[in-house]
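> the sequence and its predicted three-dimensional model are supplied below.
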Amino acid sequence: MSGSICTNYFARLAADVWKLWKEYQYDEAAFSDVALRMLTEDPPADQVSFLDVAKFGLFTNPLPFQTDIESIFGQPPLTVHWQPEFRIEVLFWTSTVIGIHQHAFSGAFHLLTGSSLHTVWDFKCEERVSSQLLLGALDLKKAELLGVGDTTAIIAGNRFIHATYHLDRPTITVVIRTNSEKNHLPQYSYLEPFIAYDPIHGNAGVRRRLQLLDMLSSTGRDEELLDAIKCLLDDVNHHYAFIYLMEAYKLIGDETKRNLLLSWAGSKHGSLAESFRLVLDTQEQRDDIRRIAEKIGHGELRFFTGLLRNIPKSGEILKLIRERFPHEDPLTMIDKWTADLSRYDLSDLGLSAPSLMQPIRELLDECGPSTNPQAGVNRDEDNALVSKSPAVEHAAVVS
Ligand SMILES: [Fe+2]
């Protein structure tokens with residue numbers, strides 16, 4: 001029965017979207033407002049459940065046309081309505097992190113189940129390496145918690161750069177969106193502290209080479225892997241060099257080998273290689289916290305590690321703790337969570353307690369003297385960057 005609930009609801013939603021959009025002459029620039037209004041006036045969270053939608057996907061025959069079959073956005077994404085002009089998707093999220101990105105489509109998303117940490121960013125390009133690789137200033141504009149029933153507009157292009165970190169498993173979002181707006185390509189992804197790049201989802205050749213590098217790594221061909229990456233770095237443009245170096249960082253943990261690759265990259269790609277190093281090191285710090293978050297599961301510690309992973313401003317972190325725990329002192333909560341985290345054995349992740357504690361120490365330093373007697377910053381004036389060093393170094397690189 002639940003399948004028919006979904007069939008009827010999503011058909012109604014699509015018909016209402018089409019009818020309202022007609023009033024705007026089907027202008028893509030108006031689609032965000034249309035989608036936002038429909039998801040607010042007839043919200044999915046009031047109509048269908050997690051299992052209703054899962055059963056719709058499992059048992060509806062035939063299914064609507066399915067896009068993103070490789071499940072890049074969603075685990076999996078399920079298209080519940082498709083027509084040439086727009087589609088409705090239900091995205092099941094079982095992993096936590098969706099990196100900072102923009103969209104080449106317009107629409108809105110609605111939280112059906114779960115909760116998310118949502119951040120909105122601003123990027124000012126300072127150096128255009130190519131249309132696929134930009135360097136600039138990436139700054140957090142807003143951080144908020146999203147819960148069931150919340151709806152957010154998606155504006156195509158760089159006016160809406162955002163990231164989501166899902167706190168519950170699964171978190172499920174319903175998205176009403178245009179299919180594609182080519183004038184807003186490339187659909188940049190962003191990495192702190194200062195890179196925007198085309199993630200080349202559609203480039204089959206590069207993606208296959210990345211898979212082959214992964215194969216060499218998983219079969220223990222370490223020397224061949226190193227040689228292959230060096231050869232690839234020889235012949236590619238700066239953008240692809242960055243893509244291959246990102247993969248190298250995932251596959252090769254040894255510092256000596258990484259340094260060898262980066263100095264090789266420097267000989268082929270100049271000072272950009274040093275910028276790449278700063279971005280990749282920052283990303284690895286974030287990724288360590290993500291792996292810790294996935295190990296510890298759900299609850300308050302997931303929330304805390306999510307803050308450390310995603311929010312580079314201590315003032316925003318304190319604001320979100322107050323919002324989620326309005327009757328608690330945020331600094332006391334941080335003390336408690338820090339003590340709880342220190343009891344975890346992280347050796348299976350190849351991490352040590354100091355690597356975990358570094359971002360917490362930096363946070364406490366900025367939060368004020370009540371938690372760290374050596375810190376001299378007023379807790380009401382804190383909105384400084386948690387991870388200062390890469391941004392400071394970046395200023396020297398791009399200037
Ligand atoms: Fe998004």
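Received the coordinates, thanks.
> can you show me the helices along the protein?
Counting by DSSP state H, the chain has helices at residues 2-22, 31-41, 50-59, 204-218, 222-235, 238-251, 255-269, 272-296, 300-310, 314-324, 330-342, 353-367, 388-398.
> mind splitting this protein into its structural domains?
2-197, 204-270, 282-390 (automatic domain parsing).
> circling back: ok, of the helices of the chain, where does mean pLDDT dip lowest?
Lowest mean pLDDT of the helices of the chain: helix 388-398, a mean of 33.
> middle-most residue in the protein, spatially?
residue 99 (1.7 Å; Cα atoms, centre = their mean).
> any idea how far that residue lies from residue 335?
Distance of residue 99 to residue 335, given as Cβ to Cβ, to the nearest Å: 30 Å. All C-beta spots, glycine's among them, are computed from the backbone N, C-alpha and C.
> got a pLDDT number for residue 129?
Predicted confidence (pLDDT) for residue 129: 96.
> that one and residue 195 touch, don't they?
No: applying Cβ atoms under 8 Å, one finds residue 129 not in contact with residue 195, separated by 9.4 Å.
> neighbour count for the two, which is higher?
Counting neighbours by other Cβ atoms under 10 Å for residue 129 and for residue 195 shows that residue 195 has the greater number, 26 against 19.
> excluding chain neighbours, what is closest to that one?
Once flanking residues are discounted, residue 195 sits nearest to residue 279: 4.9 Å by Cβ to Cβ, 6 or more residues apart in numbering.
> hmm, residue 196 and that neighbour touching each other?
No: with contact defined as Cβ under 8 Å, residue 279 does not count as touching residue 196 (10.6 Å).
> neighbours around residue 51, how many?
By the measure other Cβ under 10 Å, the count of residues near residue 51 is 11.
> please apply the same query to residue 78.
Residue 78 has 23 nearby residues by other Cβ under 10 Å.
> check contacts around it.
53, 56, 57, 66, 89, 90, 91, 92 (Cβ atoms under 8 Å, 6 or more residues apart in numbering).
> was I right about the third one contacting residue 66?
No: Residue 57 is beyond contact range of residue 66, at 9.3 Å (criterion: Cβ under 8 Å).
> just want to know which of these two has more residues nearby.
More crowded of residue 57 and residue 66, by other Cβ under 10 Å: residue 57, with 18 against 14.
> list the contacts of the more buried one.
By Cβ under 8 Å, 6+ apart, the contact set of residue 57 is 63, 78, 80, 90.
> filter these to the buried ones?
Neighbour-count burial (16 or more other Cβ atoms under 10 Å) is assigned, among the contacts of residue 57, to 78, 80, 90.
> please report the distance of the second one from residue 49.
What it means is residue 80. 14 Å.
> what sits in contact with each of these two?
Common neighbours of residue 80 and residue 49, using Cβ under 8 Å, 6+ apart, do not exist here.
> residue 229 reaches residue 244, doesn't it?
Yes: the pair residue 229 and residue 244 qualifies as a contact (Cβ under 8 Å) at a distance of 5.8 Å.
> any residues in contact with both of those two?
Residues touching both residue 229 and residue 244 by Cβ under 8 Å, 6+ apart: residue 213.
> higher neighbour count, these two?
Neighbour totals were compared for residue 229 and residue 244, and residue 229 leads with 25 against 22 (other Cβ under 10 Å).
> enumerate every residue touching the residue nearest to residue 129 when sequence neighbours are not counted.
Spatial nearest neighbour of residue 129, chain neighbours left out: residue 238 (5.2 Å); criterion: Cβ to Cβ, 6+ apart. The contact partners of residue 238, by Cβ under 8 Å, 6+ apart, come to 129, 130, 133, 269, 272.
> would you mind checking those residues for buried ones?
129, 133, 269, 272.
> coming back round to it: intersection of neighbour lists for residue 129 and residue 195?
Joint contacts of residue 129 and residue 195 (Cβ under 8 Å, 6+ apart) are residue 135.
> before we move on, the earlier item: list the contacts for the residue nearest to residue 195?
Taking Cβ under 8 Å, 6+ apart as the test, what residue 279 contacts is 191, 192, 193, 194, 195, 390.
> change it to 10 Å
135, 138, 190-195, 197, 242, 245-246, 249, 390, 394 (Cβ atoms under 10 Å, 6 or more residues apart in numbering).
> which of the residues in stretch 8-20 are buried?
Neighbour counts over stretch 8-20 (16+ other Cβ under 10 Å) mark 9, 10, 13, 14, 17, 20 as buried.
> what's the answer for stretch 216-225, then?
216, 217, 225.
> restricting the selection to alpha carbons, write that stretch to PDB.
What follows is stretch 216-225, C-alpha atoms only, in PDB (Å, rounded to 0.1, in the frame of the first residue of the first chain):
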ATOM      1  CA  LEU A 216      47.700  -1.200  -8.300                       C
ATOM      2  CA  SER A 217      47.400  -0.100  -4.700                       C
ATOM      3  CA  SER A 218      45.000  -2.800  -3.500                       C
ATOM      4  CA  THR A 219      47.200  -5.500  -5.100                       C
ATOM      5  CA  GLY A 220      50.300  -4.200  -3.400                       C
ATOM      6  CA  ARG A 221      52.100  -2.900  -6.500                       C
ATOM      7  CA  ASP A 222      53.500   0.100  -4.600                       C
ATOM      8  CA  GLU A 223      56.500   0.800  -6.800                       C
ATOM      9  CA  GLU A 224      54.500   0.500 -10.000                       C
ATOM     10  CA  LEU A 225      51.800   2.800  -8.400                       C
END
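> among the buried ones among the contacts of residue 57, which are in strands?
Judged by DSSP state E, strands contain the following of these: 78, 80, 90.
> I'd like the residues you listed written out as a markdown table, with pLDDT and distance to residue 173 added.
Formatted as a markdown table, these follow (pLDDT from 0 to 100; distance: Cβ to Cβ, whole Å):
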| residue | pLDDT | distance to residue 173 |
| --- | --- | --- |
| 78 | 96 | 11 |
| 80 | 97 | 12 |
| 90 | 97 | 7 |
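> related to what we said a few turns ago, between residue 279 and residue 196, what contacts are shared?
With Cβ under 10 Å, 6+ apart as the test, residue 279 and residue 196 both reach 135, 138, 190.
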